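S.K.: here is a sequence together with a model predicted from it:
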Amino acid sequence: MAKKAASKDDPPAAAVAKPAPEAKISSDAKPTPVAKPASAVRSAPASRVPRIIIEKVTPQVDGGKYPVKRVVGERVVVRADVFGDGHDEVLAFLLYREASGSGWNKVRMKPLGNDLWIGSFNVENETDYCYAVRGYPDEFSTWRHDLQKRLEAGQDVTVELAIGARLVSDAASRAQGSQAEKLAGWAALLAHPKDLKASAVLATGEELSHVMEAHLDEAKSSTSPELLVKVDRKRASFSSWYEFFPRSWAATPGKHGTFKDCARILPEIARMGFDIVYLPPIHPIGVKHRKGKNNATKCSPGEPGCPWAIGSSEGGHKAIHPELGTLEDFKAFIGQAREHGLEVALDIALQCSPDHPYVKEHPEWFKWRPDGTVQYAENPPKKYEDVLPINFDTTDREGLWQELKSIFIYWAEQGVKVFRVDNPHTKPFLFWDWLIAEVKQAHPDALFLSEAFTRPKVMYRLAKGGFSQSYTYFTWRNTKKEFEEYLTELAQTEVAEFFRPNFWPNTPDILAEHLQFGNRNTFMFRTVLAATLSSNWGIYGPAFELCVSDALAGKEEYNDSEKYEIKRWDWDRPGNIKDLIARLNRIRRENPALQMTRNIRFCQVENDQLLAYYKATRDFSNIVLTVVNLDPHHKQGGWLKVPLHELGIEPGKPYRVHDLLTGEQYIWQGERNFVEPDPAKAPAHIIQISKQLHREQDFDYFL
């Protein structure tokens, strides 16, 4: 049988992860290769042995196997150990360019001591970038410093000037035009000095040094392997999600809600400051083994079933539940959301009900038991008889992968560019590597949120493979110590380079114990935490803003869960916290410091019930310091230590603080200030600090 020709879109037969990018020679130079095995170095010509070593280039993920992530406007701060043998001085440069471009932009790196160098560049366009580090032996600076010492000692420097003339003459041979002529003239003056003092002034002057640096000997340089920056649009790093079930928003009680009905709630969602409306699966729901109220195995007549049991005779993943409306209704809903500054996100759950068309058309895509029945989903002791997992070990892997990719492509073509993916950790990692790359090639603005409440390394691997944002353990972090340790891991380790956390206080699946047994204040301070600790956050509403705490006994699940029934919400009932949410989202929009997560730093406060942290922009023009009371019942007070040095505030100078939650303003002085958030008034202080920098500082270390 003839072998089928491979299509460019076909999933590869084995691994789909792209290899780490290899070192390339840029268009502006031809450097010597970096780091070769000892045997290769021994056999290399002596003139090509690299004298400069480049090690520990950061950021990089798993040795460059995966890219680091940024959004437009963010900064990439690069550090590297760069050194040479002997005592000659070294120069290091950061090279960067758009991945699709040619030729490098070159930034001189700054030495931090002990052979560590730092440099940075801004991501200015929504396209991927490459970067590398290049090092040179700085023979001219080494010679110049030696010359200065001899001059200070009053020694005859005629020979030293001749040595310098040779270096300048070599640079002239590498230069062109007027620069070459200028260097040749300087070389002649040094080689045949008529006035030793004038020649010495020339040799030690900044102009010659600057021109010499612009014409370094590329043949003696070393360059690190190229690394990749994966760039997403801004919403990947700053977003506010609102999840709701469309079927629960019918204008007429007792009816199934439609997309047309949902249009009337968009203004209120926008007023609360959200920018993404996220819908659970909108597809036809299976009938066979349909679940009833509270996940009952028997479904009463008229019960709607669970939206995650996808597929029926009315269609599968590319169809819309008829009671929600038509495709045109859905596209109109997307347009109406856009008018309110909202983007629509869809839940993509790669699983099927027993009634899904795939089961009949592609039985090979499912697991079949010895008794002839298809294997449904289980997480012992839980059983999901209404859901069939897809068998990724199928013999028709190519057909399966292409079909699943087509689901994302189809909805992207309808105008959906944000996808929340259900349980991605139960599918092969290499499948996601391939699928996300394929979808983003067709739709570069597509974003993917990973719903993977699983082990940390599994969550991180999904993020490395392309997921734009990720669910987290925030829901189960409660104490001051837990928050500090978790956010330090997310923001100040390698994790921050590829993992963008999205904090959810609740989901349709999770009603955490602290919400079950807390009070309205618990919902309030969890809102503040989610919205200020992370730049991406979301809620499942209206259950959250109405402070619903009714759970099934002994479980983290809502009683009378909306997953299995149509609800009727009194959205404006007393006790709701919609205004707090709106205020928080407005504070986030008005303060750039809160629009990132990697910039969080914790502050000392003398009370374990108070959590204090600040965020600042790179130039410290916007500083927001938050103090959250973790006790929902009592006000808690303590002495807060403001890190004046980090913030560039002179210890003896007063500075103005503005509580963005209450509107109160104060003048603080010194690093110790007393704070006492009272949950009866506000769950936290969100303090904007206004001050003047008292000195120039380099804040590249910060971001």
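M.R.: It's in.

S.K.: contacts and neighbour counts: CA atoms only from here.
M.R.: Fine.

S.K.: tell me which residues are up against stretch 249-256.
M.R.: When contacts are defined by CA atoms under 8 Å, 6 or more residues apart in numbering, stretch 249-256 is touched by residues 247-248, 257-258, 261-262, 323-324, 566, 568-569.

S.K.: with stretch 672-684 instead?
M.R.: Contacts to stretch 672-684, defined as CA under 8 Å, 6+ apart, come from residues 521, 524-525, 528, 626-629, 631-642, 661-662, 685.

S.K.: run the last query once more with 6 Å
M.R.: Contacts to stretch 672-684, defined as CA atoms under 6 Å, 6 or more residues apart in numbering, come from residues 525, 627-629, 635-641.

S.K.: how about stretch 480-487?
M.R.: residue 611.

S.K.: buried among the contacts of stretch 249-256? Make that a ChimeraX selection.
M.R.: Buried members of these, defined by 16 or more other CA atoms under 10 Å, are picked up in ChimeraX with:
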select :247,248,257,258,261,262,324,566,568
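
S.K.: could I get the contacts of stretch 249-256 as JSON lines with pLDDT and secondary structure?
M.R.: Shown next, in JSON lines, are the contacts of stretch 249-256 (pLDDT from 0 to 100; DSSP: H, G, I helix; E, B strand; the rest coil):
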{"residue": "247", "pLDDT": "98", "secondary structure": "helix"}
{"residue": "248", "pLDDT": "98", "secondary structure": "helix"}
{"residue": "257", "pLDDT": "98", "secondary structure": "coil"}
{"residue": "258", "pLDDT": "98", "secondary structure": "coil"}
{"residue": "261", "pLDDT": "97", "secondary structure": "helix"}
{"residue": "262", "pLDDT": "97", "secondary structure": "helix"}
{"residue": "323", "pLDDT": "98", "secondary structure": "coil"}
{"residue": "324", "pLDDT": "98", "secondary structure": "coil"}
{"residue": "566", "pLDDT": "97", "secondary structure": "coil"}
{"residue": "568", "pLDDT": "95", "secondary structure": "coil"}
{"residue": "569", "pLDDT": "96", "secondary structure": "coil"}
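
S.K.: out of the contacts of stretch 249-256, which one sits closest to residue 231?
M.R.: Nearest to residue 231 among these is residue 262, at 33.2 Å by CA to CA.

S.K.: if I look at that closest one, how far off is residue 569?
M.R.: According to CA to CA, to the nearest Å, residue 262 and residue 569 sit 13 Å apart.

S.K.: again, but for residue 457
M.R.: In this view, residue 457 and residue 569 are 39 Å apart by CA to CA.

S.K.: same check, this time on residue 95
M.R.: For residue 95, the distance to residue 569 - CA to CA - is 56 Å.

S.K.: and what of residue 282?
M.R.: Following CA to CA, the distance that separates residue 282 from residue 569 is 20 Å.

S.K.: also residue 247?
M.R.: 11 Å.

S.K.: shared neighbours, these two?
M.R.: Common contacts of residue 247 and residue 569 (CA under 6 Å, 6+ apart): none found.

S.K.: now, which of the contacts of stretch 672-684 lie within helices?
M.R.: Of the contacts of stretch 672-684, the ones assigned to helices by DSSP state H are residue 525.

S.K.: how many other residues sit next to residue 331?
M.R.: For residue 331, the neighbour count with other CA atoms under 10 Å is 15.

S.K.: correction: residue 256
M.R.: Look at residue 256: counted by other CA under 10 Å, it has 18 neighbours.

S.K.: ok, the residue nearest to residue 647 when sequence neighbours are not counted - how many residues close by?
M.R.: Once flanking residues are discounted, residue 647 sits nearest to residue 620: 7.0 Å by CA to CA, 6 or more residues apart in numbering. Neighbours of residue 620 under the rule other CA under 10 Å: 20.

S.K.: residue 620 falls within a helix, correct?
M.R.: No - read with DSSP: H, G, I helix; E, B strand; the rest coil, residue 620 is coil and lies in no helix.

S.K.: how close does it sit to residue 359?
M.R.: Per CA to CA, residue 620 is found 57 Å from residue 359.

S.K.: can you pull the contacts of residue 73?
M.R.: Contact analysis of residue 73 by CA under 6 Å, 6+ apart lists 123-124.

S.K.: 7 Å - rerun?
M.R.: Residues near residue 73 by CA atoms under 7 Å, 6 or more residues apart in numbering: 122-124.

S.K.: residue 180: which of those is nearest?
M.R.: For the contacts of residue 73, the nearest to residue 180 is residue 122 (32.4 Å; CA to CA).

S.K.: now that closest one. Nearest residue, chain neighbours left out?
M.R.: For residue 122, ignoring the flanking residues on the chain, the nearest one in space by CA to CA, 6+ apart is residue 75 at 4.4 Å.

S.K.: what's the neighbour count on the one you found?
M.R.: Neighbours of residue 75 under the rule other CA under 10 Å: 16.

S.K.: got it, and the one 5 residues further on?
M.R.: In terms of burial, residue 80 registers 24 neighbours under the definition other CA under 10 Å.

S.K.: what about the residue located most distally from the centre of the chain, which SS state?
M.R.: Distance to the chain centre peaks in the chain at residue 194, reaching 61.8 Å (criterion: CA atoms, centre = their mean). Secondary structure, three-state DSSP: residue 194 is coil.

S.K.: report the contact partners of it.
M.R.: With contact set as CA under 7 Å, 6+ apart, residue 194 has no partners.

S.K.: send me stretch 257-269 as PDB with only the CA atoms.
M.R.: Output in PDB follows, covering the C-alpha atoms of stretch 257-269 (Å, rounded to 0.1, in the frame of the first residue of the first chain):
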ATOM      1  CA  GLY A 257     -32.500  31.300  28.600                       C
ATOM      2  CA  THR A 258     -31.300  32.300  25.200                       C
ATOM      3  CA  PHE A 259     -28.400  34.400  23.800                       C
ATOM      4  CA  LYS A 260     -31.000  37.200  23.100                       C
ATOM      5  CA  ASP A 261     -32.000  37.100  26.800                       C
ATOM      6  CA  CYS A 262     -28.400  37.300  27.900                       C
ATOM      7  CA  ALA A 263     -27.800  40.500  26.000                       C
ATOM      8  CA  ARG A 264     -29.700  42.400  28.700                       C
ATOM      9  CA  ILE A 265     -27.200  41.500  31.400                       C
ATOM     10  CA  LEU A 266     -24.100  42.500  29.500                       C
ATOM     11  CA  PRO A 267     -24.300  46.200  30.600                       C
ATOM     12  CA  GLU A 268     -24.200  45.200  34.300                       C
ATOM     13  CA  ILE A 269     -21.300  42.800  33.700                       C
END
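
S.K.: numbering from 52 from now on, please.
M.R.: Okay, residue one is now 52; in that scheme the one you just asked about reads as stretch 308-320.

S.K.: how far off centre is it?
M.R.: 30 Å (CA atoms, centre = their mean, to the nearest Å).

S.K.: do the same with stretch 659-671
M.R.: With CA atoms, centre = their mean, you get 19 Å for stretch 659-671.

S.K.: do stretch 242-251 as well
M.R.: On the basis of CA atoms, centre = their mean, stretch 242-251 sits 57 Å off its chain's mean C-alpha point.

S.K.: any idea of the mean pLDDT in it?
M.R.: Mean pLDDT, computed over stretch 242-251, is 87.

S.K.: give me the buried positions along it.
M.R.: Quick answer for stretch 242-251 (16+ other CA under 10 Å): 242, 244, 247, 250-251.

S.K.: over to stretch 203-213?
M.R.: For stretch 203-213, by 16+ other CA under 10 Å, it's 209, 211-213.

S.K.: ok, now which ones touch residue 509?
M.R.: By CA under 7 Å, 6+ apart, the contact list for residue 509 reads residue 476.

S.K.: ditto for residue 337
M.R.: 360-363, 404-406.

S.K.: now those as TSV including distance to residue 564, secondary structure and pLDDT?
M.R.: Below are the contacts of residue 337 laid out as TSV (distance: CA to CA, whole Å; DSSP: H, G, I helix; E, B strand; the rest coil; pLDDT from 0 to 100):
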residue	distance to residue 564	secondary structure	pLDDT
360	27	coil	97
361	30	strand	98
362	33	coil	97
363	36	strand	97
404	31	coil	97
405	34	coil	96
406	36	coil	96
